[in-house]
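[1] Show me how the following folds:
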Amino acid sequence: MRISAKDISVSYNKKDRIIKVPDKVSFEPVSGEVTVINGRSGSGKTTLINVLAGILLPTEGRVYYDETDIYQISDEKLSAFRCENIGYIPQGASALANLTVMQNILLPSALAGKDNVKFAEELLEMVGLEKLKNAYPDELSGGELRRLAAARALINSPSVIFADEPTNDLDDENASLILELLKAQAEKGAAVIIVTHDIKAQAYADTLYRMDGGKLQSYGISAKEKEDIYDTA
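    The predicted model follows:
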């Protein structure tokens, strides 16, 4: 699936000024690749992926999935499209307190009318939560909740995955586990877009960007630098 964002801006009023973050950003993540975006807090990273994911209407610009402008279709159609095609790992808490771990993971597939119990069991094992499938979110640590969010984002085998600080609250071992899992989805053909402060994520990137002052800039990293980062991950 081809994703194309054209001249995306989101405007905020700050006292007597209008601030655009992001500011006229055009961006085309590639299917089959991991794209990593880093940058300071407040630079517009999360806002950008929320626009790309169909969560936040931009003040200016267009977002296309293939030939479909996602902000020109009905809310009902957009919700169905997101459920079917987009996986999202949010930065904050997202698990529903009244559902078990298994029920939380299965929620997107239930909304899509799918029966993905077997795959949910596999995902639980992948993220090391198989023994906690009947637990509730308040029984989980911060790191376990992050792994739950990752598993839930993958349950419908989405063609596009957005991950906002996916390694927050994770030790090095589990951070690597999640990054490896996201890399594997790209190798299966998904477009994976990671927003992070975690330098280790750069070792998994095919393309690197930095968000600065609302502007998105690409930059490279050598194979040797990737290897050095990977060795310390």
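
[2] I'd like the mean pLDDT over the strand or helix carrying V192, please.
    According to DSSP states H and E, V192 maps onto strand 191-195. For strand 191-195, mean pLDDT rounds to 98.

[3] what's the answer for stretch 79-94, then?
    94.

[4] what comes up buried for that stretch?
    For stretch 79-94, a neighbour-count test (16 or more other C-beta atoms under 10 Å) marks 82-91, 94 as buried. The C-beta positions use only the backbone N, C-alpha and C, and glycine is treated the same way.

[5] all helices for this structure, in order.
    Listed in chain order, the helices of the chain (DSSP state H) span 45-52, 75-85, 101-111, 117-126, 142-154, 172-187, 223-232.

[6] quick one: which of these is nearest A135?
    Comparison of the helices of the chain against A135 by C-beta to C-beta identifies helix 101-111 as nearest, at 5.4 Å.

[7] Can you list the helices and strands that the closest one packs against?
    If contacts are counted by 3 or more C-beta pairs under 8 Å, 6 or more residues apart in numbering; DSSP states H and E, helix 101-111 sits against helix 117-126, helix 142-154.

[8] Put together a markdown table for these, with distance to F27 on each row.
    Output for those, formatted as a markdown table (distance: least, C-beta to C-beta, whole Å):
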| stretch | distance to F27 |
| --- | --- |
| helix 117-126 | 28 |
| helix 142-154 | 20 |
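
[9] Out of these, which is closest to Q72?
    The nearest among the helices and strands packed on helix 101-111, by C-beta to C-beta, is helix 142-154 at 25.3 Å.

[10] Now do the closest one against helix 117-126, angle only.
    Computed by axes from the mean of the first three to the mean of the last three C-alpha atoms, to 10 degrees, the angle separating helix 142-154 from helix 117-126 equals 150 degrees.

[11] quick revisit: please spell out which residues along the strand holding V192 are buried.
    191-195.

[12] Throw the residues you listed into TSV and include distance to S26, thanks.
    Below are the buried residues of strand 191-195 laid out as TSV (distance: C-beta to C-beta, whole Å):
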residue	distance to S26
A191	16
V192	19
I193	15
I194	19
V195	17
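
[13] Tell me which two in those residues are the farthest apart.
    Largest pairwise distance in those, by C-beta to C-beta, is 13.8 Å, between A191 and V195.

[14] Return the helix or strand in the chain with minimum mean pLDDT.
    When each helix and strand of the chain is scored by mean pLDDT, DSSP states H and E, helix 223-232 comes last, with a mean of 58.

[15] okay, and for the chain, where does confidence drop off?
    221-233 (pLDDT under 70).
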